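Participant: Got a sequence here, can you build the structure:
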Amino acid sequence: MVKSLEISTMYDKKHNNYFKIPSHQYIYNIGKTKINFILENNKTDYLNPGDSLYLKPNTKHLFFKKGKLLVSRINGNISSDAIYQISSFSDNNLKKAINDNKPWFYKK
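Facilitator: Residues are numbered from 1 along each chain as shown. The predicted structure follows:
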């Protein structure tokens, strides 16, 4: 499933409002101004009008400078409901869920 939305970036200065989205994201600068972004590895770059950017799922990122973005989000192999539920797990419980691949009942 693909979900698309238009985002108006409103901050002119750097801030700490990071996004972390569990979907593949294709981002296009549809505005008339350059928009700066920062990725989780502290890489800073910008999107000129007409430029695009791909972000893999769960990549921490933020945008600053006023402008408009078109964002298309595409789910991976896991449904949105499952991703939403898993996102609330603590780190320990997430590791357990990933590694627990045996049935809870005894099978002969």
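Participant: what about stretch 9-25, average pLDDT?
Facilitator: Stretch 9-25 shows a mean pLDDT of 80 in the predicted model.
Participant: What of stretch 51-67?
Facilitator: Here the average pLDDT along stretch 51-67 is 91.
Participant: contacts for it?
Facilitator: 7-29, 31-40, 46-47, 69, 76 (CB atoms under 8 Å, 6 or more residues apart in numbering). Any C-beta I mention is one placed from the backbone N, CA and C, and that applies to glycine too.
Participant: Drop the exposed ones from the residues you listed and show what's left.
Facilitator: 7, 9, 22-29, 31, 35-38, 46-47, 69 (16 or more other CB atoms under 10 Å).
Participant: What is the neighbour count of the closest residue to residue 35 other than its chain neighbours?
Facilitator: With sequence-adjacent residues excluded and distances taken as CB to CB, 6 or more residues apart in numbering, residue 35 is closest to residue 67, at 4.2 Å. Per other CB atoms under 10 Å, the neighbour tally for residue 67 reads 21.
Participant: could you measure residue 67 against residue 41, distance?
Facilitator: Residue 67 is 23 Å from residue 41, where distance means CB to CB, to the nearest Å.
Participant: circling back: now, the contacts of stretch 51-67 that are in helices?
Facilitator: Cross-referencing the contacts of stretch 51-67 against helices under DSSP state H gives no overlap.
Participant: Against residue 52, how distant is the spatially most central residue of the chain?
Facilitator: The residue lying closest to the centre of the chain (CA atoms, centre = their mean) is residue 21, at 2.6 Å. For residue 21, the distance to residue 52 (CB to CB) stands at 16 Å.
Participant: same thing with residue 87?
Facilitator: Distance of residue 87 to residue 52, given as CB to CB: 26 Å.
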